[in-house]
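Q: build me a structure from this.
(one chain, ligands or ions: 1)
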Amino acid sequence: MLNLVLFGPPGAGKGTQSAFLVDRYELVHLSTGDLFRFNIKNETELGQLAKSYMDKGQLVPDSVTISMLEDAVNKNPQAKGFIFDGFPRTHGQAQALDAFLEGRSTGITSMVALEVPEDELRVRLAERAKTSGRPDDADPSIIQNRIDVYNAETAPVKDYYEGQAKYQGVDGVGSIEEITDRLVGIIDAL
Ligand code: B4P
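A: Below is the predicted model:
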């Protein structure tokens, strides 16, 4: 199986690039952000809980996020592999994902990280706010909180995968097509 963690700060382009990669490699795309937004739209209990964190730019608690992700994997028994987009975002999530995949006799092939400077992230998210309808994009102080939470809690997850020699950084600045080409170059060489 080809199991990729697509990593990067908020607005790095994880969702944008996943759309191309799932087609090319015939993978199942699992975005925890999308799963939460689906639950919010359908007014589920999980959605209500997630919304209370997401609207402030905070992470949804690990316990909820991990079980939601595992359920989503279990719903795709025929998958040739997965793109995990926006997961893991904490050390605890990374450990839980490894244990879960090991139980299925598979594992993470690589973490591929989109590297984008903070100024560029702020510009992209402010631009997306014009059309996304996402409350967490609409307010610069919430965008800043998401970036701060990323730096404090999520960026260290890189060390976890570096420790397993699975981390690959990619320059995430350029046209969407240029960045896709860089990702394909890395993934084809795995
Ligand atoms: P996500 O849905 O993962 O949102 P994101 O990080 O903002 O998005 P992404 O990086 O995918 O950006 P996109 O491609 O759209 O998370 C939302 C929230 O959910 C989190 O804040 C958290 O509260 C919660 N959550 C999710 N997962 C969690 C977890 N594991 N644990 C706990 N909580 C969790 O790109 C952004 C914009 O840039 C787009 O408008 C795009 O058009 C543009 N863009 C992309 N590439 C570009 C390029 N090359 N040049 C110019 N613009 C570009």
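
Q: make it CA atoms for all contacts and neighbour counts henceforth
A: Fine.

Q: residue numbers of the protein in contact with the ligand?
A: 9-16, 32-34, 53-54, 57-60, 65, 86-89, 124-125, 128, 146, 173-176 (C-alpha under 6 Å from any ligand atom).

Q: filter those down to the buried ones.
A: Buried by 16 or more other C-alpha atoms under 10 Å: 9-15, 32-33, 54, 57-60, 65, 86-89, 124-125, 146, 173, out of these.

Q: other SSEs contacting the top helix by length along the chain?
A: Secondary structure of the chain per DSSP state H: the longest helix is helix 118-132. Judged by 3 or more C-alpha pairs under 8 Å, 6 or more residues apart in numbering; DSSP states H and E, helix 118-132 is in contact with helix 135-138, helix 140-149.

Q: rerun that using 6 Å as the cut-off
A: helix 135-138 (3 or more C-alpha pairs under 6 Å, 6 or more residues apart in numbering; DSSP states H and E).

Q: can I get the helix it packs on in PDB, CA atoms only?
A: This file holds the C-alpha atoms of helix 135-138, laid out as PDB (Å, rounded to 0.1, in the frame of the first residue of the first chain):
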ATOM      1  CA  PRO A 135     -15.500  31.100   9.800                       C
ATOM      2  CA  ASP A 136     -11.900  30.100  10.600                       C
ATOM      3  CA  ASP A 137     -10.700  31.900   7.400                       C
ATOM      4  CA  ALA A 138     -12.700  35.100   7.900                       C
END
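
Q: buried ones in it?
A: Buried-residue list, helix 135-138, by 16+ other C-alpha under 10 Å: 136-138.

Q: ok, the closest residue to residue 167 other than its chain neighbours to residue 75 distance?
A: Once flanking residues are discounted, residue 167 sits nearest to residue 111: 5.0 Å by C-alpha to C-alpha, 6 or more residues apart in numbering. Using C-alpha to C-alpha, to the nearest Å, residue 111 is found at 23 Å from residue 75.

Q: between these two, which is the more surrounded one?
A: residue 111 (24 against 10; other C-alpha atoms under 10 Å).

Q: what's next to the host helix or strand of the more buried one, contact-wise?
A: Using DSSP states H and E, residue 111 falls within strand 110-115. Contacts to strand 110-115, defined as C-alpha atoms under 6 Å, 6 or more residues apart in numbering, come from residues 4-8, 166-172.

Q: any idea how far that strand is from the chain center?
A: A distance of 10 Å separates the centroid of the chain from that of strand 110-115, by C-alpha atoms, centre = their mean, to the nearest Å.

Q: residue ranges for the strands of this structure, please.
A: Counting by DSSP state E, the chain has strands at residues 2-7, 28-31, 81-85, 110-115, 167-171.

Q: surely residue 101 touches residue 109?
A: No: if you go by C-alpha atoms under 6 Å, residue 101 and residue 109 don't touch, sitting 11.0 Å apart.

Q: so what does the lowest-mean-pLDDT helix or strand in the chain touch, helix or strand wise?
A: Scoring the helices and strands of the chain by mean pLDDT, DSSP states H and E places helix 135-138 at the bottom, with a mean of 90. Here helix 135-138 touches helix 118-132, going by 3+ C-alpha pairs under 6 Å, 6+ apart.
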